[in-house]
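Student: Have a look; sequence and predicted model below, questions after that.
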Amino acid sequence: MFIDTHCHLSREDYDDIDLVIKENREAGVNKIIISGCSKDWIDESLELSKQYEDVFVTLGYHPSEVEMVDDLLLDDLRNKLKSNNVVGLGEIGLDYYYGKDNKNQQLELFEKQLKIAEEMGLVVVIHSRDATEDTINCLKKYNVTGVIHCFSGSVETAKIYVNMGYKLGIGGVVTFKNSKLYEVVKEVGLENIVLETDSPYLTPTPFRGQKNSSKYIPLIAECIADILNTSVQNVADITTNNACNLFDLK
């Protein structure tokens, strides 16, 4: 069994959600965790988790939402985090890729959500893009743990996060020809990894350029198995166990 620990599933991106779930199951992906990280996605993610037994959710406001998130929305988030099938808070974090004009607002929203996670005892799913130092400094202030989503940093950065108790979310990028993620995978080992797709984005080779889906998790596992010279079954077993322990999945 595989678990996709981070994906985005919405009717805007997929015409037939029933078919998506069916194809996931046929590929051995029996649990997926949807990231609801905007107001509309939060509501739809909760709806899908009620409709499909395979679907769990994390909820939180992505840094791209910073301009529209106020304290009322954060209060609403706090209430929705108590819903069934919610297994964490995220994806939250910092994104300076397009600049730092709203850096202080991002930091404020990030820390408010980290505080909520700490108070509610929830794991966090972290988005960090061109903001490694600030992300690490913020995380050190709170008694939380979780996943560094779509990790693409250096071995040195990976070790910092692992030593802080975080798992690294490894997805389709590891299959890309020019990716250096194999160095990270070799260094941290399976015990510190969970699998994810970030679908509909970042489709693994050989389907790069097409819409991603959780059904491609086995391709990511095969690549990791090759890197570590182990079996796909071993990758499935250990990463599934990591995900179940972290997100308290049964």
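Tutor: Here it is on my side, so go on.

Student: where does this protein have its least confident helix or strand?
Tutor: Least confident helix or strand, the chain: helix 39-51 with a mean of 95, by mean pLDDT, DSSP states H and E.

Student: Identify each buried residue in it, please.
Tutor: Buried residues in helix 39-51, counting neighbours by 16 or more other C-beta atoms under 10 Å, are found at 41-42, 44-46, 48-49. Any C-beta I mention is one placed from the backbone N, CA and C, and that applies to glycine too.

Student: What of stretch 89-109?
Tutor: If you call a residue buried by 16+ other C-beta under 10 Å, then stretch 89-109 has these buried ones: 89-96, 102, 106-107, 109.

Student: First-to-last residue distance for it?
Tutor: Stretch 89-109 has an end-to-end distance of 13 Å (C-alpha to C-alpha, to the nearest Å).

Student: which residues sit against it?
Tutor: Contact with stretch 89-109 is made by 6, 35, 37, 58-67, 69, 81, 110, 113-114, 116-117, 120, 122-131, 134-135, 138, 146-147, 149, as judged by C-beta atoms under 8 Å, 6 or more residues apart in numbering.

Student: let's go with 7 Å and repeat that
Tutor: Residues outside stretch 89-109 that contact it (C-beta atoms under 7 Å, 6 or more residues apart in numbering): 35, 37, 58-64, 66, 69, 81, 110, 113, 116-117, 122, 124-131, 134-135, 138, 146, 149.

Student: Adjacent strands (with direction) for the longest strand that the chain contains?
Tutor: Secondary structure assigned by DSSP state E gives strand 86-95 as the longest strand of the chain. Applying DSSP bridges, strand 86-95 is found paired with strand 55-59 (parallel), strand 124-129 (parallel).

Student: show me where this structure has strands.
Tutor: In the chain, the segments counted as strands under DSSP E are 2-7, 29-36, 55-59, 86-95, 124-129, 146-148, 167-170, 193-195.

Student: quick one: the longest one to strand 29-36, angle?
Tutor: On the basis of axes from the mean of the first three to the mean of the last three C-alpha atoms, to 10 degrees, strand 86-95 is oriented at 50 degrees to strand 29-36.

Student: With the third one instead?
Tutor: With the same axes, to 10 degrees applied, the angle from strand 55-59 to strand 29-36 works out at 30 degrees.

Student: quick one: strand 55-59 to chain centroid distance?
Tutor: 10 Å (C-alpha atoms, centre = their mean, to the nearest Å).

Student: again with the fourth one
Tutor: Taking C-alpha atoms, centre = their mean, the mean C-alpha location of strand 86-95 is offset from the chain mean by 8 Å.

Student: Specify the angle between that strand and strand 2-7 in degrees.
Tutor: Going by the same axes, to 10 degrees, strand 86-95 makes 50 degrees with strand 2-7.

Student: And the second one, by the same measure?
Tutor: Between the axis of strand 29-36 and that of strand 2-7 there is an angle of 10 degrees, by the same axes, to 10 degrees.
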